[in-house]
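*Asks:* Build me a model from this:
(one chain, ligands or ions: 1)
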Amino acid sequence: MNFQIIEIKDNEFQRLSNLVSDKFGIKLPVDKRIMFQSRFQSRLRELGMDSFKAYCDFIFKPENTAAELSKMIDLVSTNKTDFFREKEHFDLIYNRFLPELIDEKKKGVRQLVNCWSAGCSNGQEAFSLAITLEEYKLKTKALVDYQILGTDVSESVLNIARSGIYPFSEIGMIPQEYWKKYVLKSKDQKNPRIKIIQSIQSKIEFKYSNLVDNNYSISRMFHFIFIRNTLIYFDRENQYKILMKVIDRLLPGGYLFIGHSESLINLNLPIRIVSPSVYQKISNEE
Ligand SMILES: C[S@@+](CC[C@H](N)C(=O)[O-])C[C@H]1O[C@@H](n2cnc3c(N)ncnc32)[C@H](O)[C@@H]1O
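*Replies:* Numbering: from 1, shown residues only. Prediction:
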């Protein structure tokens, strides 16, 4: 089919990008106008609209805003993720941070390790954390348990995360020694898929949370927080606000992980760098 491109005018882009910035903290500078226009073509057609004016009229009606925003987030952000993405982070947890954390003196007392994958996308990061902790528990026989929270602002990625089901091709990112232990393979030849085993799924709670909300309801304190490849969407001011709130949920001495291509330079946060893209919270006494 040969569709005519639906063009977005400057004022329409302005209104929609302001809405995205208000609700999600995501900045869409003017040079993103054409990308925005092209990503929204099929959404407008799905809604039977032939102009961005009609789309603006629709989304700014209070009764439509919330539902449409949940579609919008998937068009303005990227959900790219992988199992064991930036694997050095998981190796550091296994080889260095967990042995430090699991206190030998507390022999006989079960210790609970808390982790948060903020901006978890389809859930692979949270599953990689769970597998790393489970492996540590099995190999060292340490008296340790763990729980993981995965949060995102997109309901569609959270639904995938909650299912624990992925295309078969993703198995390649999981170290081979874990396949048999943690992954079930479907027998469906036409649509080959994998599923993470239930005992690992049961360690993770996936829930909606918008990092720019002033009072997001996360009351737990964490030993490890991953906020990787998510900060890139925000301007420096929002990055600072988000990170201060996230670090507030980190236990003193706990670790914060960001993406390798992200930077915290000049943000003046209560953390110190311990390895590339890995930071430790400074305790109040220091
Ligand atoms: C590129 S993915 C990163 C996934 C994973 N952390 C990783 O590094 O592989 C970025 C995620 O951030 C989420 N996101 C964007 N804005 C957000 C916000 N305001 N609050 C929470 N999550 C947000 C997106 O929905 C997306 O799933």
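*Asks:* Enumerate every residue touching Leu28.
*Replies:* Counting by C-beta atoms under 8 Å, 6 or more residues apart in numbering, Leu28 makes contact with 13, 17, 20-21, 36, 76. For every residue, glycine as well, the C-beta is placed using N, CA and C.
*Asks:* Now the lengthiest helix in the chain: buried residues?
*Replies:* Ranked by number of residues, the top helix in the chain under DSSP state H is helix 124-140. Neighbour counts over helix 124-140 (16 or more other C-beta atoms under 10 Å) mark 124-137 as buried.
*Asks:* Off-centre distance for the very next helix or strand once past that helix?
*Replies:* Going down the chain from helix 124-140, the next helix or strand is strand 144-152, by DSSP states H and E. Mean C-alpha position of strand 144-152 versus that of the full chain (C-alpha atoms, centre = their mean, to the nearest Å) differs by 13 Å.
*Asks:* what comes into contact with whichever helix or strand comes after strand 144-152?
*Replies:* Past strand 144-152, further along toward the C-terminus, the next helix or strand under DSSP H and E is helix 155-163. If you take C-beta under 8 Å, 6+ apart as the criterion, helix 155-163 is touched by 70, 74, 79, 120-123, 126, 150, 152, 166, 195, 204, 206-208.
*Asks:* Repeat the analysis, applying 6 Å as the threshold.
*Replies:* 70, 74, 79, 121-123, 150, 152, 206 (C-beta atoms under 6 Å, 6 or more residues apart in numbering).
*Asks:* Likewise for stretch 38-56?
*Replies:* Here stretch 38-56 has contacts from 6, 8, 12, 15, 75, using C-beta under 6 Å, 6+ apart.
*Asks:* Pull up the residues of this protein that are close to the ligand.
*Replies:* Within reach of the ligand by C-beta under 6 Å from any ligand atom, the chain has these residues: 24-26, 73, 77-81, 85, 119-121, 125, 152-154, 157, 210-212, 228-230, 233, 259.
*Asks:* Buried ones among those residues?
*Replies:* 24-26, 73, 77, 81, 85, 119-121, 125, 152-154, 157, 211-212, 228-230, 233, 259.
*Asks:* Setting aside sequence neighbours, what's the nearest residue to Tyr279?
*Replies:* In this structure, Tyr279 finds its nearest non-sequential neighbour in Ile271, 4.0 Å apart by C-beta to C-beta, 6 or more residues apart in numbering.
*Asks:* Could you check how many residues crowd around that neighbour?
*Replies:* 19 (other C-beta atoms under 10 Å).
*Asks:* That one and the ligand, how far apart?
*Replies:* 18 Å (C-beta to the nearest ligand atom, to the nearest Å).
*Asks:* swap in Tyr255?
*Replies:* Tyr255 sits 15 Å away from the ligand, going by C-beta to the nearest ligand atom.
*Asks:* likewise Glu205?
*Replies:* Going from Glu205 to the ligand by C-beta to the nearest ligand atom gives 15 Å.
*Asks:* Is it correct that that residue is in contact with Gly150?
*Replies:* No. Counting by C-beta atoms under 6 Å, Glu205 sits too far from Gly150 to count as a contact (7.2 Å).
*Asks:* Could you pull up the residues touching Asp152?
*Replies:* 120, 158.
*Asks:* how much space between it and Trp116?
*Replies:* 12 Å (C-beta to C-beta, to the nearest Å).
*Asks:* Flag the shaky bits of the stretch 1-150 of the chain, pLDDT-wise.
*Replies:* 1-2, 104-107 (pLDDT under 70).
*Asks:* let's see 80
*Replies:* Applying pLDDT under 80 to the stretch 1-150 of the chain flags the ranges 1-3, 103-109.
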